[in-house]
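*Asks:* when you get a sec, could you give me coordinates for this:
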Amino acid sequence: MATEAPTILCIASYFKGDRFMIEAAAKGAKVYLLTLAKLLRDPWPRGALQDVFALHDSPKREDWINTVSYLARSVPFDRIVALDDFDVETAAMLREHFRMPGMGDSTARNFRDKLAMRTTAKDAGIPVPDFTGLFHDDAVGRFCERVPPPWMHKPRSEASAVGITKVKSPQQLWDLLRGQGDKRSYYLLERFLPGAVFHVDSLVDDGKIVFAAAHQCGTPPFSVAHGGGIYTSYTLPEGSDDEKALLALNEKLIPVLGLKRGSCHAEFIKGADGVIHFLEAGARVGGVHIAELVECTRGLNPWAGWAEIEVAYLRGEKWKAPAGFRKHGALINTLARTESVDYKKLGLEGIAYEVQEKYHAGLVVTADTHEEMCARRDAVVRKFQAEITAVLPAPDKPNH
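*Replies:* Numbering: from 1, shown residues only. Take a look at the predicted model:
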């Protein structure tokens, strides 16, 4: 382990993680970034970085290995960190090649492959919606006989609701599978389970959860991605039955999936029977400004906490979460009709954070009580619907 000026190589195929890099540098680490050529003009925190390197926009496995091998001739990297969901497998492959600590190939599949994470969780007794791989026709047929439609046809290695199809009949399913040809094994089929969707965002050190925050989504992410509209996520009442159940299930889940150190964003759904089922997990910080929601309501930004954990580990130290605080808060996020939004003109109360992105609008609002927070959240949703929100078709693949 490095005791002085540890070196961290961050891998990013999408612009995110600036807070991680800034915090790691502030804690004394030498931070390098390896990204893609098309992202070089994005506003990376270059003042916190020792250097920025880039690959062409469609690198293969060998390109990553050869590039990092060349860089490692002069820079002794202590840690490789994936800043985006789509970089988890790349970083794992690089750690395996260079025999570095951290998540390897097999464990990475539990955070990128929906079939792997469901199988692993089910084997450990964690509730998951009924599912099947799409390898064997007879097995698929038996699943369809046992589990009534509709079903969710999901890519195994995409993020969020990208590429998901709601299948309403066996005929639609078989037509879909025939059209996929050899690609069908890269998907799974799952029972459509309506219910309330939640997420738990955690920081993990030495295989133990050292910080966790549970939230509930408004309209399910699949419905927002495919039907358009407004995404919301909000804090649960402290000590509520749902919060207790989510944190307990998350406490069981993360060691099963094998995360030893880093950040985790796990999603769950509570069916009509009241049982909370695990949906999926990523070895990452939650997207769509969930990090800012956590920071405004708990006093800790997950990106910053993750960076502190990594640097402490490299120095042989133990990280302890700061005291922080608890507030009631909600995140409201939407596509916008205009390039920028003047939030002051909306006349809203309790704004704790404003999203500043082209053709996007987003706010975090906080309040002293859960009821007041819900009222402020609903006021933002109404304003966005009336004056801000734009609707575009769902992408077939990630918009990187």
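*Asks:* from here on, contacts and neighbour counts on C-alpha atoms
*Replies:* Fine.
*Asks:* could you export stretch 123-139 as PDB, CA atoms only?
*Replies:* C-alpha atoms of stretch 123-139 as PDB (Å, rounded to 0.1, in the frame of the first residue of the first chain):
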ATOM      1  CA  ASP A 123     -29.000 -18.300  -4.400                       C
ATOM      2  CA  ALA A 124     -28.400 -16.300  -1.200                       C
ATOM      3  CA  GLY A 125     -32.100 -16.200  -0.400                       C
ATOM      4  CA  ILE A 126     -32.700 -12.600  -1.400                       C
ATOM      5  CA  PRO A 127     -36.100 -12.100  -3.000                       C
ATOM      6  CA  VAL A 128     -35.900 -11.300  -6.800                       C
ATOM      7  CA  PRO A 129     -38.700 -11.200  -9.400                       C
ATOM      8  CA  ASP A 130     -39.000 -14.500 -11.200                       C
ATOM      9  CA  PHE A 131     -36.600 -14.600 -14.200                       C
ATOM     10  CA  THR A 132     -35.000 -16.800 -16.800                       C
ATOM     11  CA  GLY A 133     -32.100 -16.700 -19.100                       C
ATOM     12  CA  LEU A 134     -32.900 -17.000 -22.800                       C
ATOM     13  CA  PHE A 135     -30.600 -19.900 -23.800                       C
ATOM     14  CA  HIS A 136     -32.900 -22.900 -24.100                       C
ATOM     15  CA  ASP A 137     -36.300 -22.800 -25.800                       C
ATOM     16  CA  ASP A 138     -37.900 -25.400 -23.500                       C
ATOM     17  CA  ALA A 139     -36.800 -23.500 -20.400                       C
END
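*Asks:* can you tell me the average pLDDT over that stretch?
*Replies:* The average pLDDT within stretch 123-139 is 98.
*Asks:* stretch 263-276 now?
*Replies:* Mean predicted lDDT for stretch 263-276 stands at 96.
*Asks:* got the contact list for it?
*Replies:* Contacts to stretch 263-276, defined as Cα atoms under 8 Å, 6 or more residues apart in numbering, come from residues 127, 193-204, 245-246, 250, 277-286, 302, 306.
*Asks:* endpoints of it, how far apart?
*Replies:* 22 Å (Cα to Cα, to the nearest Å).
*Asks:* one more: stretch 379-388?
*Replies:* Note: stretch 379-388 ends 13 Å apart using Cα to Cα.
*Asks:* buried sites along it?
*Replies:* Buried positions in stretch 379-388, judged by neighbour count with 16 or more other Cα atoms under 10 Å: 380-381, 384, 388.
*Asks:* same question for stretch 117-129.
*Replies:* For stretch 117-129, burial by neighbour count (16+ other Cα under 10 Å) applies to 117-121, 126-129.
*Asks:* ditto for stretch 284-292
*Replies:* 284-286, 288-292.
*Asks:* which SS state does Leu173 fall under?
*Replies:* State at Leu173, reduced to three classes by DSSP: H, G, I helix; E, B strand; the rest coil: helix.
*Asks:* that one: neighbour count?
*Replies:* By other Cα atoms under 10 Å, the residues close to Leu173 number 22.
*Asks:* repeat for Arg41
*Replies:* Burial measure for Arg41: 7 neighbouring residues, criterion other Cα under 10 Å.
*Asks:* quick one: contacts for it?
*Replies:* By Cα under 8 Å, 6+ apart, Arg41 has no neighbours at all.
*Asks:* of the buried residues of stretch 284-292, which belong to helices?
*Replies:* Secondary structure from DSSP state H places 290-292 of those in helices.
*Asks:* helices along the protein, start to end?
*Replies:* Remark: helices assigned in the chain by DSSP H are 18-26, 61-72, 88-98, 105-112, 114-123, 137-146, 170-180, 221-227, 241-257, 290-298, 302-314, 370-383.
*Asks:* mind listing residues that contact the fifth one?
*Replies:* Right, the one you point to is helix 114-123. Residues contacting helix 114-123 (Cα under 8 Å, 6+ apart): 109-111, 127-128, 133, 155-157, 188, 253, 256-257, 278-281.
*Asks:* what do you get for the fourth one?
*Replies:* Contact partners of helix 105-112, identified using Cα under 8 Å, 6+ apart, comprise 85, 88-89, 92-93, 96, 116-117, 120, 156-158, 257-259, 280-283.
*Asks:* of the residues you listed, just the buried ones, ChimeraX syntax please.
*Replies:* Remark: buried members of the contacts of helix 105-112, expressed as a ChimeraX selection using 16+ other Cα under 10 Å:
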select :85,88,89,92,93,116,117,120,156,157,158,257,258,259,280,281,282,283
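*Asks:* so what's Cys264 bridging to?
*Replies:* For Cys264, the beta-bridge partners under DSSP bridges are Ser202.
*Asks:* burial count for Thr366?
*Replies:* Thr366 - counted by other Cα under 10 Å - has 27 other residues nearby.
*Asks:* that one and Glu280: what is the separation?
*Replies:* Thr366 sits 28 Å away from Glu280, going by Cα to Cα.
*Asks:* and the pLDDT at the nearest residue to Asn301 once chain neighbours are set aside?
*Replies:* Nearest residue to Asn301, sequence neighbours excluded (Cα to Cα, 6 or more residues apart in numbering): Glu295, at 4.5 Å. Per-residue confidence at Glu295 stands at 98 (pLDDT).
*Asks:* separation between Glu295 and Ala54?
*Replies:* Taken as Cα to Cα, the span from Glu295 to Ala54 is 31 Å.
*Asks:* swap in Ala330?
*Replies:* 36 Å.
*Asks:* who touches the closest residue to Ala92 other than its chain neighbours in this structure?
*Replies:* Spatially, and ignoring its direct neighbours in sequence, Ala92 is nearest to Gly104 (4.5 Å; Cα to Cα, 6+ apart). Counting by Cα under 8 Å, 6+ apart, Gly104 touches 92-93, 95-96.
*Asks:* still on that earlier bit, the more surrounded of Ala330 and Ala54?
*Replies:* Taking other Cα under 10 Å, Ala330 and Ala54 do not tie; Ala330 has more neighbours (34 against 17).
*Asks:* who's the more buried one bridged to?
*Replies:* Applying DSSP bridges, one finds that Ala330 bridges with Tyr234, Val365.
*Asks:* again with Ile269
*Replies:* When bridges are called by DSSP bridges, Ile269 pairs up with Val197, His277.
*Asks:* list the buried ones in stretch 367-375?
*Replies:* For stretch 367-375, the neighbour count (16+ other Cα under 10 Å) marks 367, 370, 373-374 as buried.
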